[in-house]
Structures are given as C-alpha cells and as structure tokens.
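Peer 1: quick check, what structure comes out for this input:
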Amino acid sequence: MSVQVGAPYAPFVAITLDRLNTTRVDAALAVAFTVAGLVQVVLAPIAAPGLGELFVVGSTLPLAWRRTRPVESSLVSAAFWLIPLDGFPILGFVVVILQFFALGSRGAPRLAVALVTGWAAAAAVVGTLLGPEQLVAVIGAVLVVVAPVLAGQLVRHLRQQNQVLAELAEQLQEEQRRVEEAAVDAERARIAQELHDVVGHEVTLIAIQAEAAASALKTSPERAGAPVEAIRATAHRTLTEIRGVLGLLAPGGDTGGATSEGLTELARRAEAAGIANSLVVSGDPWPDSAPAGLAVNRIVRECLTNAGRHAPGEPVTLNVAWSPQQVQVRATNPTDSRRRPTPGRGLTGIRHRAALLGGTFDVDVHDGRFDLSVLLPAAAAGDTR
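Peer 2: Numbering: from 1, shown residues only. All right, here's what the predicted structure looks like:
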C-alpha cells in the first residue's frame, strides 16, 4: 500500500524523515560507544563500582540526541563529568568532540550555546581536578570542549554562507528568467506596433478607396476603375511593407525611410486615397539618424491614418522641422472640440516612440482643431555627429 503526501505537507514530511534518519544514526553511534565504554569499565575499572558505569552511560548516551537536541544533550552529558574518576574511557575524548562539535554547528540560540560551553568547560576542569591527572591537564580539558564548539561554529557559518549563495543563485536565475520574458514581451510589443503602423495606415487607405469605388458603382460605374486600381496597388504595397517590417525588426535591419522624399511619398499616397493634407519639411535630416528617422516616418504615417479614420474629409497639416538640436513633428486637423482624444494604439505608439528616444509628446484639442506635437532631441535620438 502506498501513501501519497499532499504538496503542502511534503516539506514537513521530508524534514521529519531526515530527523528520524539522523536520530537512528546517532542512537546507533551512542549505543556503540556506550557498550565499548562499559566493556572497558568492566575490564579496567576507572571508578568505584557503579560510578564508572554511571559515568559512561550518562556521558555517552546523550550522543543519540546530539544533532536533534544539541544544547540539552550537551548539558546532560557534561553534568556526569563531575563524577570523580581514577581514569578515563579510551573513547571518551571522541565522544566529547562529537558532542560539542554538534553543539557548535547546530545549537541555538547562541547564548545557550555559550552558556552550555562555559558549563561544560567548568565541569571538565572540576572533573580533571578530582582525578589523578596533573594540573596542566586542565588546559587540555578546556580545549577538548571549546575547540570542537569553535570548529562547529565555523562549519555552521560556512554552511549558512553556502545557503545564502545558493538562494542568491536561485534569485539571479529567477531574475534572469524575468528579464528574458520582459525582453520577449517588449519585442512582441515592438512587432505589434510596427505592424499596426504599417497595416493600419494601408488598410485605412484601402477602406477609403473601397468607399469611393462603392459610391462610383452606384452613380458612375466607369469611374470605379481608378479606386479599384488604387486598392490593388495599396494591397501589393502593404505586402511589401510587411516584408520590410520583418527586415526592419531583424538586428542591423534597415531603419531608414524618413527622408523628405519618403515623407512626400507618404503624403502623396494619402492624398490620392482621399486624405487631404499639406506637408512641409524644413531643414536637413541628421546623418546617421536612423532611429529618429524611423520615428518621424511612423509618426507622420500615423497622423495621416488618424486623420483619415477619425476626421474623414478634413485636411491635415503636417510640419516636420529638422534642426541641429532637435526634430519636431506637428500635425493639425479640424475636429469636434467637445471630444477629447482617446489614447488608442496609434497615439500610444507615438508616445512610446517619443519616450524611447528621450523626446516629448503632446496632444490637445482646442478651438475645434486636433493638435499633435512630438519633439525628439538629437543626442537622445542617436545622432553621431
């Protein structure tokens, strides 16, 4: 018959079994030393009849609890050292070393260990003075008690240090796992944002062209060809853009595309799709400014997408101003002044891009106009001039 232990009780059961095994080993050791001591006392008495046997049993049997009850067993064992002897058990020193090494390595609290050590040292001195040994033997009697306790304390300190190091290693592994998970989550968010910026813009253009085609089919079917062709071209371009995003997200991928020509092409395509806009680019983009250039490209794209989605038919004004110290992107379009801008994925993505490059992001609705402004500093954006 097998017994299954629930998870909450497993540690308790493991500790209990470990203590049982420890007690069995120590009990067997105590019995062996006791039997050996009694044999010696019978063959070569070391005290008056009965006292020798009492000394062996009382000072040796507590070994059975030296690791489970180190303070109590040491206290009891040392009490029997006050029995006057004419000799000493051959294995008695081994018993003392084992007993008080366990006191130093496992005894608690420290005050109790110190008091029991002092008591045992005093009992050893008294027992030595009552015996036939010379006065100088008192030094050895004290050392045989104190030295194992100090050695046990050192081993205990090393054991605690190893335990702390093991816990730190586990914490470092856990922290490393969390960092790796955070990096994966950040990369997923980055991929999601890039796909949103690309696909959201192009799909918005497709939706606008589809509405134009549907309207033309109702009134002038011959005029539906142009928007349908625009839908086809936009769909193919979207596939190309998605492939470009995959290359963009790869380490060392090309992150360019924010030159005046690239922004002009974005504005032209949006105009062709029905998003009226005016783009003004001033200044020269910084050399080697790929992170800032990509951010500007995505911000302009998102501004056009938002204008077409949330303010259809309203013109959007875009201004991109490059200077040696910073680049500012500003977008303005008419809107309902009673509606506050809702932070969706698009605006959230713009804010995150600005924060990542050490810039600022501001959006507001006033006087019936939606105003968005992003400022990216040159140094934080990766300018290497």
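
Peer 1: most centrally placed residue in this structure?
Peer 2: The structure's the chain has its C-alpha centroid closest to E175; by C-alpha atoms, centre = their mean the separation is 2.2 Å.

Peer 1: dihedrals phi and psi, it?
Peer 2: phi -70, psi -40 (degrees, to the nearest 10).

Peer 1: V281 now?
Peer 2: Backbone torsions of V281, given as degrees, to the nearest 10, read phi -110, psi 120.

Peer 1: hmm, E265 and it touching each other?
Peer 2: No - under the criterion of C-beta atoms under 8 Å, V281 makes no contact with E265, lying 12.0 Å away. Using the backbone N, CA and C atoms, a C-beta is placed for each residue, glycine as well.

Peer 1: between these two, tell me which one has more neighbours.
Peer 2: More crowded of V281 and E265, by other C-beta atoms under 10 Å: V281, with 20 against 12.

Peer 1: list the residues that contact the more buried one.
Peer 2: Contact analysis of V281 by C-beta atoms under 8 Å, 6 or more residues apart in numbering lists S260, L263, T264, V320, A321, W322.

Peer 1: can you name the two of those residues that sit furthest apart?
Peer 2: Using C-beta to C-beta, the pair of the contacts of V281 lying farthest apart is T264 and A321, separated by 15.3 Å.

Peer 1: stretch 130-141 spans what distance, first to last residue?
Peer 2: The straight-line separation of the ends of stretch 130-141 (C-alpha to C-alpha, to the nearest Å) is 12 Å.

Peer 1: again with stretch 213-233
Peer 2: First residue to last in stretch 213-233 (C-alpha to C-alpha) measures 14 Å.

Peer 1: check which residues of that stretch are buried.
Peer 2: By 16 or more other C-beta atoms under 10 Å, the buried positions in stretch 213-233 come out as A213, A216, A224, P227, A230, I231.

Peer 1: over to stretch 52-64?
Peer 2: Under the neighbour-count criterion of 16+ other C-beta under 10 Å, stretch 52-64 has G52, E53, F55, V56, V57, G58, S59, T60, L61, P62, L63, A64 buried.

Peer 1: ok, now stretch 346-355?
Peer 2: Neighbour-count burial for stretch 346-355, counted by 16+ other C-beta under 10 Å, picks out G346, L347, G349, I350, R351, R353, A354.

Peer 1: could I get the CA-only coordinates of it as CSV?
Peer 2: Provided in CSV are the C-alpha atoms of stretch 346-355 (Å, rounded to 0.1, in the frame of the first residue of the first chain):
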residue,chain,number,x,y,z
GLY,A,346,-1.8,54.7,-32.6
LEU,A,347,-1.3,57.6,-30.1
THR,A,348,0.1,55.2,-27.5
GLY,A,349,2.7,54.0,-30.1
ILE,A,350,3.7,57.7,-30.9
ARG,A,351,4.1,58.4,-27.2
HIS,A,352,6.2,55.3,-26.7
ARG,A,353,8.5,56.2,-29.7
ALA,A,354,9.0,59.7,-28.3
ALA,A,355,9.8,58.4,-24.8
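
Peer 1: quick one: that stretch to chain centroid distance?
Peer 2: Its chain's C-alpha centre and that of stretch 346-355 lie 26 Å apart, by C-alpha atoms, centre = their mean, to the nearest Å.

Peer 1: could you do stretch 161-181 as well?
Peer 2: Distance, stretch centre to chain centre, for stretch 161-181: 8 Å (C-alpha atoms, centre = their mean).

Peer 1: now stretch 351-366: mean pLDDT?
Peer 2: Stretch 351-366 carries an average pLDDT of 85.

Peer 1: an error on my part: the question was meant for stretch 56-67.
Peer 2: In this model, stretch 56-67 carries a mean pLDDT of 88.

Peer 1: go on, stretch 276-292?
Peer 2: 81.

Peer 1: end to end, how far does it reach?
Peer 2: From its first residue to its last, stretch 276-292 covers 26 Å (C-alpha to C-alpha).

Peer 1: state the helix or strand in which N319 lies.
Peer 2: strand 316-322 (DSSP states H and E).

Peer 1: cool, A124 as well?
Peer 2: Going by DSSP H and E, A124 is part of helix 110-130.

Peer 1: cool, F361 as well?
Peer 2: Using DSSP H and E, F361 falls in strand 360-366.

Peer 1: what residues of the helix or strand following that strand count as buried?
Peer 2: Sequence-wise, the next helix or strand downstream of strand 360-366 (DSSP H and E) is strand 369-377. Neighbour-count burial for strand 369-377, counted by 16+ other C-beta under 10 Å, picks out F370, D371, L372, S373, V374, L375, L376.

Peer 1: picking up where we left off before, so what does whichever helix or strand comes after the strand holding N319 touch, helix or strand wise?
Peer 2: Heading C-terminal from strand 316-322, the first helix or strand you meet, by DSSP H and E, is strand 326-334. In terms of contacts (3 or more C-beta pairs under 8 Å, 6 or more residues apart in numbering; DSSP states H and E), strand 326-334 is packed against helix 290-310, strand 316-322, strand 369-377.

Peer 1: want to throw those into CSV with distance to A207?
Peer 2: Listed next are the helices and strands packed on strand 326-334 as CSV, based on distance: least, C-beta to C-beta, whole Å:
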stretch, distance to A207
helix 290-310, 8
strand 316-322, 17
strand 369-377, 20
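
Peer 1: please enumerate the helices of the stretch 201-350 of the chain.
Peer 2: Chain-ordered helices for the stretch 201-350 of the chain, with DSSP state H, counting those that start in this stretch as the definition, fall at 225-249, 260-272, 290-310, 345-356.

Peer 1: what's the least confident stretch among those helices?
Peer 2: Sorting these by mean pLDDT places helix 225-249 lowest, at a mean of 69.

Peer 1: tell me how far stretch 158-173 is from the chain's mean position?
Peer 2: Centroid separation for stretch 158-173 versus its chain: 16 Å, with C-alpha atoms, centre = their mean.

Peer 1: give the buried residues for it.
Peer 2: By neighbour count on 16+ other C-beta under 10 Å, the buried set for stretch 158-173 is empty.

Peer 1: nothing else from me, thank you.
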